[in-house]
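K.L.:
this is a predicted model, with the sequence first.
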Amino acid sequence: VKELLDRPLPRLVAVVALQFLVLLAIIGFKQYTIATADTIVIATDVRDPSTIVGRDSAPARYEISSLDAADLPGDDLSELPWGGDSLDNVYVELREGTDGVWHPVAVHDDRDRMFDGTVLIAGRIEYASGRPGSEQFEMHYGIERVFIPENAAGGLPAGSGHEVNVEVRVDRFGHSDALEFVVDGKPFELERR
Amino acid sequence: MDDSSYVERLAHDVAVWKRDGLISDEQERAILARIGAGEPRLVGALRMGWLITAVSIIGAIILGAGVVLLFAANWREMPDWFRTVVIFAGMAIAYGGGYLLTYRYGMDRIGGSLLLLGVLLYHAALFLFADIYTLPVTEPWYMLLAAVGTLPVAYAFGSRIVLLLGIADVVTFAAWWLLARYEDDTEAYAGLVAVGAVGVMLYAIGRLHGLRRALEAFGDIYVLVGALVSLTLVYIFSFDDPWRGIIDEGVESFAAPGIVYVAIAAAAGLVGIQWTLRERDAEVHAEAAILAALLAVAGIVVTWPVWTGYAIVFNGLFFLAAAGIVTRGYLRGDERYVNFGLLLVAIGVLTRYVDVFWSLLATSAFFIIGGVLLLALAFGLERLRRRLISGMESGPPSNDPQTGAPGSDAQAGAPALHRGGAP
């Protein structure tokens, strides 16, 4: 090996292979993260499914897009902003309800959970209002710009009063990826803008 | 150092010696003729090597920045697989081009710059991959991965600038990880002390490199970065504010995280090893004593942090280190150390002046008195510098000609005095 590495080309190949391996390890790490991710369903505030059809439809708003600290059974808000500030890397703890939909139970500024059997979804506080102890947060998760493509909207129920949810994959870092719409329990194709 | 780079460096040094009046025109021509470069055009070509190196390194950095900006502007429009392939292909082209230019066409300066470009693209690739595959981008571990990929390139191809990049990765990782891990105000100071210990480790690793002739040139880089990191931390702790903050936060004794003690112990171990293995003379003893004192103070500070007097202790350490660097330069006949040490003295004096008098004097008086004091300080330092240098020119009191002059000059049998630049 020493003789081989005394020549410049094998030396170059060895060090470049090491760098490529490190980069490939990042891809492998991501695949591992995907394989071990949780799939959950979160609720939107959409009641008329036709408003989310087509690329030009409005961004989705979720139940967890607006949080009221006073409504959460647990919280860890000591480091969170209020009074108009924003903050990256906030984690909303979700717990599955009896309806199969995951609802918020706490907000954290780190990845420490407060309850068992919960999932953390990472987001950003766009705007905080209220007073300490009863803050309201406007949240952004990066899964808002989704819609049902027009060619997949066949069979979509018309009118209002429907339950529109989104199936989301959440990895152990809290990163989320929207997978499909679930309208009245029936799956529909989802696309991202 | 191979023959061609030695000849180029000597041609450059001879020009500096002549400009500084150390040698005459005849002596310059004689030296150049001795190395086979008597023709003026050949001398010019030899001296141009430094320019080519500088231009090609700057070119590599600009090209790397341009590629990153190009990606950033069009990143979202490209599919994931294409972005991945583009990154790998860019690195392969840079490394392949560097190899061909260096080993097929003998253009090692430009080839070396393409190797640097490959390493820069690798750095960018780490963060771009994290972005493509939606991993957390702001994590210190990427800097460790950057070092893992960069340091082998530096050692495999003897590149000092790539080594500097790799060491910078290590220091950035250590500082980022420690400060993120201990961001709580009551522990942040301990994280800073650990970063200072990393600086001492690098310094000692540099001295260990000096034990092997093939690694001597790398040793200087480690020593320089290690000294800068350690001195920066000593400088930060020479202010009152951190210590007042520690008292206000109610930090308790024996509360520092264990990793800080591990860092201090590792640094002490490396200092001890290099002290044991190096040929021991007064200078090596003094250097080891200063490093040991620094680590001892670090250990005391993290164990019993509540004392406002530490600012005075760190001021003392800062000026002691500056005096040590000046003395080292004087003993070795190396003007770079003298200049660097005097620069530290000036920074220390200026800082204390601002620190003490900013709130005590009216703004106009502050600047007038400060200006006069600075001019007086500059006058005093210049006189001191001239006296030291004239002492060095009349023969530095070095008792060992091998250690009394840096390697390249000892090889050349040329004057041991360096002028300008950083150590």
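P.N.:
Now that the structure is in, tell me what you want to look at. Remember, it's a predicted structure, so these values are computed and weren't measured experimentally. Residues are numbered from 1 along each chain as shown, chains lettered A, B, ... in the order given.

K.L.:
host element of the residue nearest to B:Tyr182 when sequence neighbours are not counted?
P.N.:
Distance criterion Cβ to Cβ, 6 or more residues apart in numbering or on different chains; nearest residue to B:Tyr182, sequence neighbours excluded, is B:Gly191 at 4.1 Å. In this view, the C-beta of every residue, glycine as well, is placed from N, C-alpha and C. Element membership of B:Gly191 [criterion: DSSP states H and E] is helix B:185-209.

K.L.:
what packs against that helix?
P.N.:
In terms of contacts (3 or more Cβ pairs under 8 Å, 6 or more residues apart in numbering or on different chains; DSSP states H and E), helix B:185-209 is packed against helix B:160-181, helix B:216-236, helix B:241-249, helix B:258-277, helix B:282-303.

K.L.:
quick one: mean pLDDT for the shortest one?
P.N.:
This means helix B:241-249. Averaged over helix B:241-249, pLDDT sits at 84.

K.L.:
that one: how far from the chain's middle?
P.N.:
Mean-position distance between helix B:241-249 and its chain equals 30 Å (Cα atoms, centre = their mean, to the nearest Å).

K.L.:
could you confirm whether any residue of it contacts chain A?
P.N.:
No. Applying Cβ under 8 Å from any Cβ of the partner chain, one finds helix B:241-249 separated from chain A by no less than 15.8 Å.

K.L.:
next, the buried residues of that helix.
P.N.:
B:Pro242, B:Trp243, B:Ile246, B:Glu249 (16 or more other Cβ atoms under 10 Å in any protein chain shown).

K.L.:
now the residue of the stretch 251-400 of chain B at minimum distance from chain A: phi and psi?
P.N.:
Taking Cβ to the nearest Cβ, chain A has its nearest neighbour within the stretch 251-400 of chain B at B:Pro257, 17.2 Å off. B:Pro257 adopts backbone torsions of phi -60, psi 150, taken as degrees, to the nearest 10.

K.L.:
any idea how far it is from B:Ala194?
P.N.:
8 Å (Cβ to Cβ, to the nearest Å).

K.L.:
comparing these two, which residue is more hemmed in?
P.N.:
Using other Cβ atoms under 10 Å in any protein chain shown, the more surrounded residue of B:Pro257 and B:Ala194 is B:Ala194, with 28 against 16.

K.L.:
the more buried one: what's it in contact with?
P.N.:
If you count contacts by Cβ atoms under 8 Å, 6 or more residues apart in numbering or on different chains, B:Ala194 has them with B:Ala174, B:Leu178, B:Ile259, B:Val260, B:Ala263, B:Ile264.

K.L.:
wait, does the longest helix seen in chain A contact chain B?
P.N.:
Secondary structure of chain A per DSSP state H: the longest helix is helix A:8-35. Yes. Against chain B, helix A:8-35 shows contacts by Cβ under 8 Å from any Cβ at A:8-9, A:11-12, A:14-16, A:18-20, A:22-23, A:26-27, A:29-30, A:33.

K.L.:
tell me which residues in that helix are buried?
P.N.:
Buried residues in helix A:8-35, counting neighbours by 16+ other Cβ under 10 Å, are found at A:Arg11, A:Leu12, A:Val15, A:Val16, A:Leu18, A:Gln19, A:Phe20, A:Val22, A:Leu23, A:Ile26, A:Lys30, A:Thr33.

K.L.:
closest one of the residues you listed to B:Ala323?
P.N.:
Closest approach to B:Ala323 among these (Cβ to Cβ): A:Val15, at 41.7 Å.

K.L.:
that closest one contacts B:Thr150, doesn't it?
P.N.:
No. The criterion here is Cβ atoms under 8 Å, and A:Val15 misses it with B:Thr150 at 9.2 Å.

K.L.:
what's downstream of the longest helix of chain A, the next helix or strand?
P.N.:
Next along from helix A:8-35, by DSSP H and E: strand A:38-43.

K.L.:
check which residues of that following strand are buried.
P.N.:
So for strand A:38-43, counting by 16+ other Cβ under 10 Å, buried means A:Asp38, A:Ile40, A:Val41, A:Ile42, A:Ala43.

K.L.:
please put the alpha-carbon coordinates of that strand into PDB.
P.N.:
Listed next in PDB are the C-alpha coordinates belonging to strand A:38-43 (Å, rounded to 0.1, in the frame of the first residue of the first chain):
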ATOM      1  CA  ASP A  38     -43.100   8.800  11.100                       C
ATOM      2  CA  THR A  39     -46.100   9.300   8.800                       C
ATOM      3  CA  ILE A  40     -48.800  11.300  10.400                       C
ATOM      4  CA  VAL A  41     -52.000  13.100   9.300                       C
ATOM      5  CA  ILE A  42     -52.600  16.800  10.200                       C
ATOM      6  CA  ALA A  43     -55.700  18.800   9.700                       C
END
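
K.L.:
quick one: name the residues of chain A near chain B.
P.N.:
A:5, A:8-9, A:11-12, A:14-16, A:18-20, A:22-23, A:26-27, A:29-30, A:33, A:173, A:175, A:177.

K.L.:
mind running it again at 6 Å?
P.N.:
Residues of chain A that fall close to chain B, judged by Cβ under 6 Å from any Cβ of the partner chain: A:8, A:11-12, A:15-16, A:18-19, A:22-23, A:26, A:30, A:173, A:175.

K.L.:
those residues into TSV, with extra columns for pLDDT?
P.N.:
Output for the residues of chain A next to chain B, formatted as TSV (pLDDT from 0 to 100):
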residue	pLDDT
A:Pro8	89
A:Arg11	92
A:Leu12	94
A:Val15	95
A:Val16	95
A:Leu18	96
A:Gln19	96
A:Val22	95
A:Leu23	94
A:Ile26	88
A:Lys30	78
A:Phe173	84
A:His175	85
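
K.L.:
what mean pLDDT does stretch B:202-210 have?
P.N.:
Averaging pLDDT along stretch B:202-210 yields 96.

K.L.:
equivalent analysis for stretch A:177-188, please.
P.N.:
Mean pLDDT, computed over stretch A:177-188, is 92.
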